[in-house]
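> Here is a sequence together with a model predicted from it:
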Amino acid sequence: MAFKHWLAAARLRTLPLAAASALCGSVSAALNQQSNPPVLVLCVMTAVALQIFSNLANDYGDACNGADSAARRGPERMVGAGHISRTAMKRGLVAAAVICCALGISLLAAALPSIGMSGLQNWLLWLLLGAAAVAAAFAYTAGKNPYGYVGLGDLAVLVFFGWLGVLGCEYLQTGRLNAWSWLPATALGLWCSMVLNINNMRDIDSDSAAGKTTVAVRLGLRRAKLYHTALLAAAGLMWWRWLPRYFSTTSVSRLHAFLLAASLIHLYFLKKAQSCAQLDKLLPQWSITVLLWVLLLWLHV
């Protein structure tokens, strides 16, 4: 099997979201003058590794559960198309899980002593959170009862990309939870849920036929677009409320302008999108927009 097939299964275009989650947590840490660059780098690497593991598990799980049938119109899946065997993908999942665990342990080894939390109980707590992240990444579409098939994927993205990803990265650098950080953590989690919703709107027909009842399948395309708009609006209001707390008036004006422009442009293309191909193009576009937003925040710290 070719290396290009493994790259395709890893779905590189989704990785900006994982990086954005860790970087957003580090923005909050930096705003509180407690940034830790080595921990930041390890947070990003761990988040990206978990996303790759999740993508491989999704490729494997959807092939096993019938969601990657010939009726599917999105990008080709590697197990479903026969480019990677199920046995090979299982081995790949084990290797990816080992890498996630190794990076996670390295992250904790670097972070916990620096925030005075090197005790056994703290290690156990963070190891349990890491194990939960790996388990959630696998159980989304793989296993006997994948939660993505009953419409819980959006909530899981909010929890792991937003709350755990952002707040966890900040906590591992500062040693505390900042109440104001729940706003950017939730906003980023909602933005990441939008990417999943784009994916699910694209796959409504094939998911419905396979019994994969996502939120988009439950709502239908028209109402799924309204749901998508609601996620965008809720996230925008949270950013709007949080920005003046930490940034200068000039910076807030620039950030608000970018936020408004990015949101309106995205909604314009969402309204026009009707075909699977049109919806599919929105996925990397919005993923990159999310990452650009976080990088823009960094420039104004």
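Ah, there it is.
> how far out from the middle of the chain is the helix or strand where Trp6 lies?
In this assignment (DSSP states H and E), Trp6 forms part of helix 3-10. In this view, helix 3-10 has its centroid 19 Å away from the chain centroid, taken as CA atoms, centre = their mean, to the nearest Å.
> Packing partners of the helix or strand following that helix?
For helix 3-10, the succeeding helix or strand toward the C-terminus, using DSSP H and E, is helix 15-31. Contacts defined by 3 or more CB pairs under 8 Å, 6 or more residues apart in numbering; DSSP states H and E place helix 15-31 against helix 37-65, helix 168-174, helix 182-202, helix 276-299. Bear in mind the C-beta positions are built from the backbone N, C-alpha and C, glycine included.
> related to what we said a few turns ago, how big is the angle separating the helix holding Trp6 from helix 37-65?
If you take axes from the mean of the first three to the mean of the last three CA atoms, to 10 degrees, helix 3-10 sits at 100 degrees to helix 37-65.
> immediately after the longest helix along the chain, which helix or strand?
Looking across the chain with DSSP state H, the single longest helix is helix 215-246. For helix 215-246, the following helix or strand on the C-terminal side (DSSP H and E) is helix 249-272.
> who touches that following helix?
Helix 249-272 has contacts (CB atoms under 8 Å, 6 or more residues apart in numbering) with 225, 228-229, 232, 236, 239-240, 243-244, 247, 278, 281-282, 285-286, 289, 293, 296-297, 300.
> how does it look with 7 Å?
If you take CB atoms under 7 Å, 6 or more residues apart in numbering as the criterion, helix 249-272 is touched by 225, 228-229, 232, 236, 239-240, 243-244, 247, 278, 282, 286, 289, 296, 300.
> before we move on, the earlier item: mean pLDDT, distance to Leu128 and mean neighbour count for the helices and strands packed on helix 15-31 - can I get that in CSV?
CSV is the format used below for the helices and strands packed on helix 15-31 (pLDDT from 0 to 100; distance: least, CB to CB, whole Å; neighbours: other CB atoms under 10 Å):
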stretch, mean pLDDT, distance to Leu128, mean neighbour count
helix 37-65, 91, 15, 23
helix 168-174, 94, 12, 25
helix 182-202, 96, 20, 25
helix 276-299, 93, 27, 18
